[in-house]
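In: predicted structure and sequence below. I'll ask about it afterward.
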Amino acid sequence: MPMELLQELANAGMPVEIMDQEVQGKLRVLHDAGHILCSFPPTGSGNAPACVHMVTSRGLTAFRHFGPGSPRARENAAGYSLKSTSE
């Protein structure tokens, strides 16, 4: 999940237009996961922008739990492995 992009979007003023095709691919992942509301150019329209309208409450929750600075990110950076409690 492109959490760095989600962080940038959460801090940006809306709406945001994105021309870069690679970034538009990441936007599709975030949009399909319900983390942002975004409109995309029609297929075959060339180099048209995607427009991010908002970061959803689901996206903000995901960012708090999994984004940089979250407890999970700090544990992973420290080399801890997360284990299921059902083992």
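Out: Done, it's in.
In: in the chain, which helix has the most residues?
Out: Looking across the chain with DSSP state H, the single longest helix is helix 21-32.
In: which strands and helices sit next to it?
Out: helix 3-11, strand 36-39, strand 50-55 (3 or more CB pairs under 8 Å, 6 or more residues apart in numbering; DSSP states H and E). All C-beta atoms are positioned from the backbone trio N, CA, C, and that covers glycine.
In: neighbouring strands - and their directions - for the last one?
Out: Strand 50-55 has the following strand partners under DSSP bridges: strand 16-18 (antiparallel), strand 36-39 (antiparallel).
In: lowest-confidence stretch among those?
Out: Of all the strands paired with strand 50-55, the minimum mean pLDDT falls on strand 16-18 (a mean of 93).
In: who's in contact with that strand?
Out: 9, 24, 27, 49, 50, 51, 52 (CB atoms under 8 Å, 6 or more residues apart in numbering).
In: out of these, flag the one nearest to residue 3.
Out: residue 9 (10.5 Å; CB to CB).
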